[in-house]
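Undergrad: Please work out how this folds:
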Amino acid sequence: MRLIIVESPTKAKTLSRFLGKDYSIEATMGHVKDLPKSQLGIDVKANFKPDYVFIEKRAEAIGKIKKLAKSASKIYLATDPDREGEAISYHVKEMLGDGKTSRIVFHEITKEAVEEAIEKPRAIDKNLVDAQIGRRVLDRLVGYKLSPLLWKKVRRGLSAGRVQTVAVRLIVEREKEIEKFKPEEFWSIFCEVKSKGKKDKAFLIGFVGKADSKIGVKNAKDAASIVAHLKKSSYEVLEVRKREVRKNPYPPFTTSTMSQAGARIFGWSVKRTMSIAQRLYERGLITYHRTDSAYVSAGALAKVRELIGADFGKEYLPPAPRFYKVTSKVAQEAHEAIRPTDLSKKSDDIKSKKYGGDARLLYDLIYRRFVASQMTASLYDETIIDVAARRAGDETTYLLRASGQVIKFDGWRAVIPAKKDAEAVSVLPAVEKGEALSLIKVNSQQKFTEPPARFNEASLIKTLEQLGIGRPSTYAPIITTIQIRNYVEKEEGKFTPTPVGVAVNGFLMEHFPDVFDYQFTAEMESDLDKVADGKNKWEESIKKFWKPFEKKLASTERVSKRVKIEVEKMGLACPKCKKGELVVRIGRFGKFVSCSRFPDCDFTEKYIEKIGMKCPKCKKGEIIVKKTGRGKKFYGCSRYPKCDFASWKNPKIKEKEEQ
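TA: Sure thing, here's the model as predicted:
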């Protein structure tokens, strides 16, 4: 009997479908060893030696594996193809001994891929293991040393994370930008015109400026002057420019782009997208979903090109395969982009009862993205029309412009229609240079510049990736952790920092600006990547970080003052002591109401967040913010269960949008 060891029971079940009776497949249920929970677990004086211990809740799985290993003729360590998977295999090998174990790696759970891996076993990649150890040690040092300091200087129960803190910093700094932002007025002016004596439909031309320079219209006075000029002007086509526009397809998904697409198209959290992808991977439907590579294997390229030629025709097939450059600064973990393992399996084959309805949606997205990535470009005829507006007796000539595109060959858009990307395509009538146009009306609209948008999950991941911070396996934990710690809140899909998040960020940035500097954090990630490549020793990377960090810890604890967390005043007197005013605080389990005189007065009560709107259903209750059992925010009636009104979207905002 041969024993194959994987992480999850689902993965084990999938492998058992196509491996014969000669194989027994068991799951570790995740890591079998980790640093101890109750202590640092790192001997700083002994070159940062970690003290890994067996995880108690893995005892049953470990016992079963040990028992099966005794009678196994060969043991294959088949954990995931990344650092975490390599570390799991390393610890299992330590546990079982060297004699019968070998490492096998595959990026898709298919019969062909697994059999090929079994034919080509390899040794444990110690460089990958060292990179995982280095990251674990670094994160433990930051967390275990900074958290007690936060307890003393900010509030008990707080904790700090190396990369999570940087994510909070991004959100806090964006909020400060929004608060400081001063909107600037500008005016949009456009004319509706049509060809004289023709039946062509009217079209819009936007004001650009004078014929020899662009003009920004900053106020109502300037706008009124220009509008008055345009109303009395004659219009003539100055120039018609036409060109063919090629739009190439997107590359196949990486973890980052898949997570962003899940958020943008379906409104899913990163955690939800990754959980669905995990299910698809472990069932053998897609390749490994934690990757920042855009590479596609030669075999997969051949199959997708065959499918495109057969299903769409030769005109949709480029002369040669498309190859994509990696956009991530540190593409490292896996060897392939995310793609289907079997192109004959369409989304309709993904049964909801077996995989869940969301699995079908994500699989369809992955399938389309992969097929489209190897198709020909979509072609558009673009037209730009420049129009001159002149008024009799006035030398001033104003320039207006219209542009439009007409698709003439859909190419990859046959698989991903433009409407799914909100790609606007407008058709302009045929006009000629020198042709006179008749004015129908002039419109002007006052507008104001907008502040920078708050981060949502997609834009936060994109920014972290651009900065070189975080890795495919860490995006979901980062975003989950900063919410669980109540450092940020998500309102209508956008992140805002809580008073606790602002206070913690302020304290850490004041005393540890180097540790949580964007470039420094990225460099630490890069150093650990070099460990994975065998170019660095993880101990050296930690030593470089630790010495200045240790000194700063000591001095900060000695000289820093306690930080006050801003609280929201409710304008109500404390019902218990009658002296304080009630305030909203944030604890480990979220917001609560307490007396401003705490600890002299210990009054507390549950916080009910109202949005200032009566229930649209019963007209009696107040709309309040609630949370599901999993912590997701929604809006409901305060009279529940008498009134069952509930909405994921803020009904006050929804009401304004509909007006």
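Undergrad: Would you map the helices across the stretch 501-650 of the chain?
TA: Secondary structure of the stretch 501-650 of the chain (DSSP state H, counting those that start in this stretch): helices located at 518-532, 538-559.
Undergrad: So which of those helices is the most surrounded?
TA: Most buried of these by mean neighbour count (mean count of other C-beta atoms under 10 Å) is helix 518-532; its value is a mean of 19. The C-beta positions use only the backbone N, C-alpha and C, and glycine is treated the same way.
Undergrad: quick one: that helix to helix 538-559, angle?
TA: 150 degrees (axes from the mean of the first three to the mean of the last three C-alpha atoms, to 10 degrees).
Undergrad: by contact count, what packs against helix 518-532?
TA: Secondary-structure packing of helix 518-532 (3 or more C-beta pairs under 8 Å, 6 or more residues apart in numbering; DSSP states H and E): helix 126-153, helix 162-180, helix 457-467, helix 538-559.
Undergrad: Return the residues in contact with Ala22.
TA: You called it Ala, but residue 22 is Asp. Met1, Arg2 (C-beta atoms under 8 Å, 6 or more residues apart in numbering).
Undergrad: still on that earlier bit, quick check: which of the helices and strands packed on helix 518-532 is nearest to Glu489?
TA: When the helices and strands packed on helix 518-532 are ranked by proximity to Glu489, the top entry is helix 162-180, at 9.8 Å, counting by C-beta to C-beta.
Undergrad: before we move on, the earlier item: adding distance to Asp200 and mean pLDDT, write the helices and strands packed on helix 518-532 out as JSON lines.
TA: What follows is the helices and strands packed on helix 518-532, written out as JSON lines (distance: least, C-beta to C-beta, whole Å; pLDDT from 0 to 100):
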{"stretch": "helix 126-153", "distance to Asp200": "64", "mean pLDDT": "94"}
{"stretch": "helix 162-180", "distance to Asp200": "45", "mean pLDDT": "96"}
{"stretch": "helix 457-467", "distance to Asp200": "41", "mean pLDDT": "93"}
{"stretch": "helix 538-559", "distance to Asp200": "67", "mean pLDDT": "93"}
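Undergrad: Dump the ones you listed to CSV, plus distance to His289.
TA: As requested, the helices and strands packed on helix 518-532 are exported to CSV (distance: least, C-beta to C-beta, whole Å):
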stretch, distance to His289
helix 126-153, 18
helix 162-180, 20
helix 457-467, 14
helix 538-559, 26
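Undergrad: now for the helices of the stretch 501-650 of the chain, which one comes closest to Asp222?
TA: Comparing the helices of the stretch 501-650 of the chain by C-beta to C-beta, helix 518-532 comes nearest, at 40.7 Å.
Undergrad: List the contacts of the closest one.
TA: In contact with helix 518-532 (C-beta under 8 Å, 6+ apart) are residues 83, 127-128, 130-131, 134-135, 138, 162-163, 166, 329-330, 332, 467-471, 514, 536-538, 541, 544-545.
Undergrad: Turn the helices of the stretch 501-650 of the chain into CSV, columns for distance to Val442.
TA: Shown next, in CSV, are these (distance: least, C-beta to C-beta, whole Å):
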stretch, distance to Val442
helix 518-532, 47
helix 538-559, 63
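Undergrad: Thr628 is nearest to which of these?
TA: helix 518-532 (33.0 Å).
Undergrad: what angle sits between the closest one and helix 126-153?
TA: Using the same axes, to 10 degrees: helix 518-532 against helix 126-153 is 150 degrees.
Undergrad: so helix 518-532 versus helix 457-467, what angle?
TA: Using the same axes, to 10 degrees: helix 518-532 against helix 457-467 is 70 degrees.
Undergrad: what distance separates stretch 597-610 from the centre of its chain?
TA: Relative to the chain's own centre, stretch 597-610 is displaced by 36 Å; criterion: C-alpha atoms, centre = their mean, to the nearest Å.
Undergrad: For that stretch, list every residue counted as buried.
TA: Arg597, Cys601, Phe603, Tyr607 (16 or more other C-beta atoms under 10 Å).
Undergrad: Just the buried ones out of the contacts of helix 518-532, please.
TA: Buried members of those, scored by 16+ other C-beta under 10 Å, are 83, 127-128, 130-131, 134-135, 138, 162-163, 166, 329-330, 332, 467-471, 536, 538, 541, 545.
Undergrad: ok so, going back, of the buried residues of stretch 597-610, closest to Cys615?
TA: Of all the buried residues of stretch 597-610, Tyr607 has the smallest distance to Cys615: 19.4 Å, by C-beta to C-beta.
Undergrad: Quick one, grab the pLDDT at that closest one.
TA: Here the pLDDT value assigned to Tyr607 is 84.
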